[in-house]
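Participant: Fold the following, please.
(one chain, ligands or ions: 2)
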Amino acid sequence: MLALNSTSLDLIHFDAAIVDLDGTMVDTLGDFAESLNRMLRDLDLPPVAPAAIERMVGKGSEHLIHSALVHVMTPVGAVDVEARAQALFERAWDRYQHHYLAINGQHSALYPGVIEGLKALRARGLRLACLTNKPTSFARPLLAAKGLDGFFELVFGGDAFERKKPDPLPLLKTCEALGTVPARTLMVGDSSNDARAARAAGCPVVLVTYGYNHGEPVRGVDADGFVDSLADL
Ligand SMILES: O=C(O)COP(=O)(O)O
Ligand SMILES: [Mg+2]
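Facilitator: Ligands and ions are numbered 1, 2, ... in the order given. Down below sits the predicted model:
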């Protein structure tokens, strides 16, 4: 069900759309859970439940790994959990990368309406870029595995620029690469990271209602509209 606040969000007003990946196009919680738990097993640490992982997703892999380490080390009653998580980080990152690339896409699924929505954006003449906080080396094979790669002229991961969303830099750089102005470039995402980045960059922003928003209700986020499916755009 479309619930846009303003008629200025008619697609006729846009030259391009920047689309987030995790929580917007693909439900990747299963991939995150599988990779993180294989990593934790390698480190002789206990597993983390998907419900806890869901609240940690969206700020990139480094943040996710650190949060998972802190989460599983805290109940052990250890002191200096932050420092111990830091000390383990490099090995954890290496194991996580290994496992993620091995299972990428196998425990994740496209959300309903994604292909339809992307086709509709293209049919309206919008150019498309995918901008995610996950590493580019994870994002490209995932898009290909889910049949989404053909829709996007550009794909940028969280390592593509100096800073990640919610910083506006990745959106500004993506607009620059597309050759579009932010005011005519629609951001489509699932979390406050996407909305804050879009607001600061000057891009109108629509959020999906089904993704990961750090465990918070997404309708509480400052955005220009909300959709239950990309097909409603
Ligand atoms: O933090 C992640 O890896 C997911 O990021 P995304 O929602 O920007 O795709
Ligand atoms: Mg997302």
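
Participant: what residues go with each domain of the protein?
Facilitator: 3-27+108-232, 29-103 (automatic domain parsing).

Participant: Any part of the longest one near ligand 2?
Facilitator: Yes. Judged by C-beta under 5 Å from the ion, domain 3-27+108-232 comes into contact with ligand 2 through Asp20, Asp22, Gly23, Asp190. All C-beta spots, glycine's among them, are computed from the backbone N, C-alpha and C.

Participant: about what we covered before: any chance of CSV for the domains of the chain, columns mean neighbour count and mean pLDDT?
Facilitator: Shown next, in CSV, are these (neighbours: other C-beta atoms under 10 Å; pLDDT from 0 to 100):
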stretch, mean neighbour count, mean pLDDT
domain 3-27+108-232, 19, 95
domain 29-103, 17, 93
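
Participant: Ligand 1: which of these is closest?
Facilitator: Ligand 1 lies closest, by C-beta to the nearest ligand atom, to one member of the domains of the chain: domain 3-27+108-232, at 3.3 Å.

Participant: Double-check that Ala183 belongs to a strand.
Facilitator: No. Assessed with DSSP: H, G, I helix; E, B strand; the rest coil, Ala183 is helix; it does not lie in a strand.

Participant: Does it touch Ala201 like I think?
Facilitator: No. At 9.7 Å, Ala183 and Ala201 do not qualify as touching, with contact defined as C-beta atoms under 8 Å.

Participant: Roughly how far does Arg38 sit from Ala92?
Facilitator: Note on Arg38: its distance to Ala92, by C-beta to C-beta, to the nearest Å, is 11 Å.

Participant: Kindly report the same for Lys146.
Facilitator: Counting by C-beta to C-beta, the gap from Lys146 to Ala92 is 26 Å.

Participant: so after the longest helix seen in the chain, what's the next helix or strand?
Facilitator: In the chain, ranked by residue count with DSSP state H as the criterion, the top helix is helix 81-103. For helix 81-103, the succeeding helix or strand toward the C-terminus, using DSSP states H and E, is strand 109-110.

Participant: and that following strand, does that touch ligand 1?
Facilitator: No. Strand 109-110 does not reach ligand 1 (C-beta under 6 Å from any ligand atom); its nearest approach is 13.8 Å.

Participant: and if you look at stretch 196-212?
Facilitator: No. Using C-beta under 6 Å from any ligand atom, stretch 196-212 stays clear of ligand 1, with a minimum separation of 7.0 Å.

Participant: And for stretch 118-131?
Facilitator: No. Using C-beta under 6 Å from any ligand atom, stretch 118-131 stays clear of ligand 1, with a minimum separation of 7.2 Å.

Participant: quick one: terminal-to-terminal distance for that stretch?
Facilitator: Here the two ends of stretch 118-131 are set 14 Å apart, with distance taken as C-alpha to C-alpha, to the nearest Å.

Participant: With stretch 125-145 instead?
Facilitator: 25 Å.

Participant: Which parts of this structure are helices?
Facilitator: 29-42, 50-56, 61-73, 81-103, 114-123, 136-145, 169-178, 192-201.
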